[in-house]
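Novice: Structure for the following, please:
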Amino acid sequence: MRRTERLFQIIQILRSSRAPVTGARLAEELEVSLRTLYRDMAELTAQRVPILGEAGTGYVLQDGYDMPPLMLTADELEAAALGAALVAAQADPSLATAARDLVAKLSEAIPGDLRPVILDASSRPIATGTPPPSAFDGASLRHAIRNRYRLQLSYRDQTGSASKRTIWPLLIAYLSGARYIVAWCETRQDYRHFRTDRVADMYVLPDTYPGRRASLIAGWESATAKQRRI
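Specialist: Below you'll find the predicted structure:
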């Protein structure tokens with residue numbers, strides 16, 4: 001690991017920890033000697049990174065510190081490029097365009113020696129098919145999910161039977177070449193998955209659903225785990 005990458009990794013470790021982190025633990029996680037770690041900490045202090053250290057206690061990063069933007073490692077950039085490529089291949093048109101724009105902006109913003117990581121990445125998805133198109137605007141669905149709006153769907157199941165559903169949209173899932181809306185269904189009083197290409201019409205209702213989205217997602221994950229054990 002290059003020293004620059006190691007310095008940012010130290011900051012990331014301290015940012016993610018609620019308690020002081022000892023020098024020994026940092027050295028072990030970074031696979032360096034304590035002597036090297038102390039030199040790194042001195043360099044961070046010289047760069048005015050607000051790290052506090054106390055003998056026998058450990059290091060802490062003061063609240064409110066923001067790392068400079070786009071200081072990413074090669075692996076982090078490749079992960080971003082791979083994720084964007086997957087989104088471009090599987091998401092709805094507006095999100096796919098956003099993914100391609102993200103890669104273009106990253107390519108312009110990063111140092112020149114790192115651009116080949118994005119432009120000629122060593123990892124890329126192999127598309128075996130694109131999801132069927134949806135009859136509604138994907139941006140409206142994502143807006144409803146982020147803001148907890150209830151939705152009214154005109155839906156046809158796999159047998160072609162039509163129904164009206166009022167749902168609480170939680171997230172969009174991608175599985176086997178299809179997109180699904182994961183939601184709490186008021187009609188069935190249970191979690192349900194709705195294939196987006198089977199939604200004939202979608203209307204965003206003006207009111208929000210009760211409860212926290214994170215709690216509902218946790219409930220869905222728990223219910224899904226139970227079904228897998230059966």
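
Novice: Please list the outside residues in contact with stretch 161-168.
Specialist: With contact meaning C-beta atoms under 8 Å, 6 or more residues apart in numbering, stretch 161-168 is reached by 148, 150-157, 181, 183-187, 192, 194, 200, 205, 209, 216. In short, each C-beta sits where N, CA and C put it, glycine included.

Novice: How many residues are close by Ala84?
Specialist: Using other C-beta atoms under 10 Å, Ala84 is surrounded by 21 other residues.

Novice: Would you enumerate the residues in contact with Leu106?
Specialist: Neighbours of Leu106 in contact, by C-beta under 8 Å, 6+ apart: Leu70, Leu77, Ala80, Ala81, Ile118.

Novice: run the last query once more with 6 Å
Specialist: By C-beta atoms under 6 Å, 6 or more residues apart in numbering, the contact set of Leu106 is Ile118.

Novice: The helix or strand harbouring it: how far from the chain's middle?
Specialist: Secondary structure assigned from DSSP states H and E places Leu106 in helix 93-109. Computed by C-alpha atoms, centre = their mean, to the nearest Å, the chain-centroid distance of helix 93-109 equals 15 Å.

Novice: before we move on, what about stretch 28-38?
Specialist: Centroid separation for stretch 28-38 versus its chain: 30 Å, with C-alpha atoms, centre = their mean.

Novice: And the closest residue to Leu61 other than its chain neighbours, how far from Glu28?
Specialist: With C-beta to C-beta, 6 or more residues apart in numbering as the criterion, Leu61 has its nearest non-adjacent residue at 3.9 Å, and that residue is Leu14. In this view, Leu14 and Glu28 are 15 Å apart by C-beta to C-beta, to the nearest Å.

Novice: Now do the buried residues in the helix holding Leu106.
Specialist: If you call a residue buried by 16 or more other C-beta atoms under 10 Å, then helix 93-109 has these buried ones: Leu95, Ala96, Ala99, Leu102, Val103, Leu106, Ser107.

Novice: Let me know the closest of those to Thr22.
Specialist: The closest of these to Thr22 turns out to be Leu106 (C-beta to C-beta; 35.1 Å).

Novice: With Gly83 as the reference, measure out to that closest one.
Specialist: For Leu106, the distance to Gly83 (C-beta to C-beta) stands at 11 Å.

Novice: Same question for Val60.
Specialist: From Val60 to Gly83 the distance is 31 Å (C-beta to C-beta).

Novice: So those two - more neighbours on which side?
Specialist: Per other C-beta under 10 Å, whichever of Val60 and Gly83 has more neighbours is Val60, with 17 against 14.

Novice: What pLDDT is listed against the more buried one?
Specialist: pLDDT for Val60: 89.

Novice: next one: Glu186
Specialist: pLDDT, Glu186: 95.

Novice: Does anything pack onto the helix or strand bottoming out on mean pLDDT in the chain? Which helices or strands?
Specialist: None of the helices or strands of the chain scores lower by mean pLDDT, DSSP states H and E than helix 115-119, at a mean of 77. When contacts are defined as 3 or more C-beta pairs under 6 Å, 6 or more residues apart in numbering; DSSP states H and E, helix 115-119 packs onto helix 74-90, helix 93-109.

Novice: Could you list the low-pLDDT ranges of the chain?
Specialist: 1, 54-56, 64-71, 126-130, 230 (pLDDT under 70).
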